[in-house]
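Engineer: Predicted model follows, preceded by the sequence.
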Amino acid sequence: MEWTDFAIVLGAKPFGEGKLVAEVFSREHGRFGGVVHAGRKSQPILQAGNLVHCGWKARLSEQLGFFNPLELSEPHATRLLDDAAALLGLSSAVALIRGVTPERQAYPQLYDALIVLIEAMPQSEVWPALYTRFELGLLASLGYGLDLSRCAVTGATEGLAWVSPRTGRAATAAAGAPHADLLLKLPPFLVDTAAELKSGDVADAFALAGYFLERRLFDHKGEGMPDARRRLIERLGFAGRL
């Protein structure tokens, strides 16, 4: 079995003498691991978040397999070395992919969303809000998407301001007001791309996505949320970017 594709590096670790086991996320093949024989030479390439062109081969499909060729296409991680928040954002996005996507299952829309997010990271005022959209897209790709299209109570499509933590469905400000203490805030930019981004909106979006990521994905695996995500939120908060 073999394939060739572009992929985002998810990470690598030592494997025997002079080798590494790398993990990548490709558009057409999903999350795959494999041995890299030129381990030391490949370490700069295998920084999480880099885009590589790789080939994966194995005699049998169930084997670990190995990567050859493995060529750097876009050094995304290197470009963000001077931006600690963006590096944490990259690490958090990669950790989420590693933590919840099944191996060897393609998620082309999720891959595309990850590429868009990574390419936007040099724009410091843009990517934090885009990152929260990525998290909601991750939920949707895995079958746990929220219904933010209309109010679950009235059917209205405008004035949406709340999300039920039980159903993941939206509600208008008026419909949700009697139960506001039990609902999650829905920042306007998540339902209207033209909405002005206000202070606190990104924090609310992180809280919304995080609630469902934790309960619908990570709790089922018996694992906590990635530490990189917590550190990302702290960093953005200290910088006044939430």
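Structural biologist: That came through fine. Residues are numbered from 1 along each chain as shown.
Engineer: Can you name the element that comes right after the top helix by length along the chain?
Structural biologist: For the chain, the longest helix by residue count, based on DSSP state H, is helix 84-100. Using DSSP states H and E, the helix or strand that directly follows helix 84-100 along the chain is helix 108-120.
Engineer: tell me which residues of that following helix are tucked away?
Structural biologist: For helix 108-120, a neighbour-count test (16 or more other CB atoms under 10 Å) marks 110-111, 113-115, 117-118, 120 as buried. The C-beta positions use only the backbone N, C-alpha and C, and glycine is treated the same way.
Engineer: Of all residues in this structure, which one is nearest the centre?
Structural biologist: Nearest residue to the geometric centre of the chain (CA atoms, centre = their mean): residue 93, 3.5 Å.
Engineer: Turn the buried residues of helix 108-120 into CSV, columns for distance to residue 236 and pLDDT.
Structural biologist: Output for the buried residues of helix 108-120, formatted as CSV (distance: CB to CB, whole Å; pLDDT from 0 to 100):
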residue, distance to residue 236, pLDDT
110, 22, 97
111, 24, 98
113, 19, 97
114, 19, 97
115, 22, 97
117, 14, 97
118, 17, 96
120, 15, 96
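Engineer: Which residue ranges of this structure form strands?
Structural biologist: In the chain, the strands defined using DSSP state E lie at 2-14, 20-26, 30-36, 51-57, 66-74, 147-151, 160-163, 169-172, 184-185.
Engineer: In a markdown table: those strands, plus distance to residue 135, mean pLDDT and mean neighbour count.
Structural biologist: A markdown table is the format used below for the strands of the chain (distance: least, CB to CB, whole Å; pLDDT from 0 to 100; neighbours: other CB atoms under 10 Å):
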| stretch | distance to residue 135 | mean pLDDT | mean neighbour count |
| --- | --- | --- | --- |
| strand 2-14 | 16 | 95 | 18 |
| strand 20-26 | 16 | 96 | 23 |
| strand 30-36 | 17 | 95 | 21 |
| strand 51-57 | 21 | 96 | 19 |
| strand 66-74 | 22 | 93 | 17 |
| strand 147-151 | 13 | 96 | 16 |
| strand 160-163 | 14 | 98 | 24 |
| strand 169-172 | 17 | 97 | 23 |
| strand 184-185 | 13 | 98 | 18 |
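Engineer: among the ones you listed, which is nearest residue 104?
Structural biologist: strand 30-36 (5.6 Å; CB to CB).
Engineer: Centre of the chain to stretch 128-141, how far?
Structural biologist: 6 Å (CA atoms, centre = their mean, to the nearest Å).
Engineer: Which residues belonging to it are considered buried?
Structural biologist: For stretch 128-141, by 16+ other CB under 10 Å, it's 128-139, 141.
Engineer: So which of the residues you listed is the closest to residue 215?
Structural biologist: residue 139 (10.6 Å).
Engineer: which strands and helices sit next to the helix or strand of the chain with the lowest mean pLDDT?
Structural biologist: Sorting the helices and strands of the chain by mean pLDDT, DSSP states H and E puts helix 39-42 at the bottom, at a mean of 76. Judged by 3 or more CB pairs under 8 Å, 6 or more residues apart in numbering; DSSP states H and E, the packing partners of helix 39-42 are strand 20-26.
Engineer: Restricting to C-alpha, output the strand it packs on in PDB.
Structural biologist: Taking C-alpha atoms only, strand 20-26 is exported to PDB below (Å, rounded to 0.1, in the frame of the first residue of the first chain):
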ATOM      1  CA  LEU A  20      11.900   9.100  14.000                       C
ATOM      2  CA  VAL A  21       8.200   8.200  13.900                       C
ATOM      3  CA  ALA A  22       6.400  11.100  12.300                       C
ATOM      4  CA  GLU A  23       2.700  11.800  12.200                       C
ATOM      5  CA  VAL A  24       1.100  13.900   9.500                       C
ATOM      6  CA  PHE A  25      -2.400  15.000   8.500                       C
ATOM      7  CA  SER A  26      -3.200  14.900   4.800                       C
END
